[in-house]
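Asks: What follows is a predicted structure for the sequence shown.
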Amino acid sequence: MQFLRDRILIGPVSIHYYALIIVSGAILAVYLAAKIAKANDDNEDYLWDMFPWLLAAGVIGARIWHILTPPDSMVAVGMDTAYYLTHPLDALNIKNGGLGIPGGVIGGLAALIIYSKKRKLDFRKWADYIAPGLALAQAIGRWGNFINQELYGAPTDLPWKIFIEPAYRIAGFTEVAYYHPLFLYESLYNLANMGILIWISRAFKGKLKPGDVILSYAVIYPAGRFLLEFLRLDASSVFSLNINQATMGIIAIVSLAVLIWRHRKS
């Protein structure tokens, strides 16, 4: 067995830390969701039953999002959407990253909708159970970006700056060594989001409607992601628009409007 910077080698088998981190985060997310379901007198076994489907759909959705909205640094070297569509093996290769969270959330929710209909479950209620775990999975998953030396922010001299090796620096910043640990900011923000969602589900238990917790997630996470995108050097541009930032802003506003409308009488 050999331990490298980004993977473990066991004979001819290569296990990437990025994949281990993603799977670990997903398992802990389901564990938390199962605990919440049990506390609400629901069958936690449903969570473990749907777990493989949610994970697979989430990874597929995240990869599709990345393929459709590659970061500018990849587009600059020719790895744009057209490239992926003509190189299917590269499109399937996620061992070095390339997963977009918006697509992952969309894919996971789509799988949950299908599963809920099949099992005759209330999608909104089970989405509420999953929401804090989703934030936890994102908090853990962002450390995969640290392993791959990606998702770093603008150059900085702050005490918590991180060093990025020259091979992982984007064009125009090859001589700059230290950057904002953007992955860490988002990881901590997601942990805070998880705590807030758990608090909301407990503090307002008698006043919440099914779907309120997942809607709260859809306000809190996109709002933070929108602000963090200002620090990001390698945005995903579509028609000169930061598509991730724009999407997050729209989702946050729409979700907040829906929450207010649902509780307008109270």
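Replies: On my side now, so go ahead. Numbering: from 1, shown residues only.

Asks: Verify the contact between Gly249 and Arg225 for me.
Replies: No. Look at Gly249 against Arg225 with CB atoms under 8 Å: they stay out of range, at 9.1 Å. Using the backbone N, CA and C atoms, a C-beta is placed for each residue, glycine as well.

Asks: From Asp212, how far off is Gly206?
Replies: To Asp212, Gly206 is 12 Å away according to CB to CB, to the nearest Å.

Asks: More neighbours: which of those two?
Replies: A count of neighbours by other CB atoms under 10 Å puts Asp212 above the other of Gly206 and Asp212, at 20 against 5.

Asks: Mind listing residues that contact stretch 199-209?
Replies: By CB atoms under 8 Å, 6 or more residues apart in numbering, the residues outside stretch 199-209 that reach it are Ile36, Arg124, Asp128, Pro132, Asp212, Val213, Ser216, Arg262, His263, Ser266.

Asks: mind checking the end-to-end distance for that stretch?
Replies: 15 Å (CA to CA, to the nearest Å).

Asks: Could you give me the buried positions within that stretch?
Replies: Across stretch 199-209, burial judged by 16 or more other CB atoms under 10 Å covers Ile200, Ser201, Leu208.

Asks: and of those residues, the nearest to Ala29?
Replies: Lowest distance from Ala29 to the buried residues of stretch 199-209 (CB to CB) belongs to Ser201, with 15.1 Å.

Asks: one step back: out of the contacts of stretch 199-209, which are buried?
Replies: Neighbour-count burial (16+ other CB under 10 Å) is assigned, among the contacts of stretch 199-209, to Ile36, Asp128, Pro132, Asp212, Val213, Ser216.
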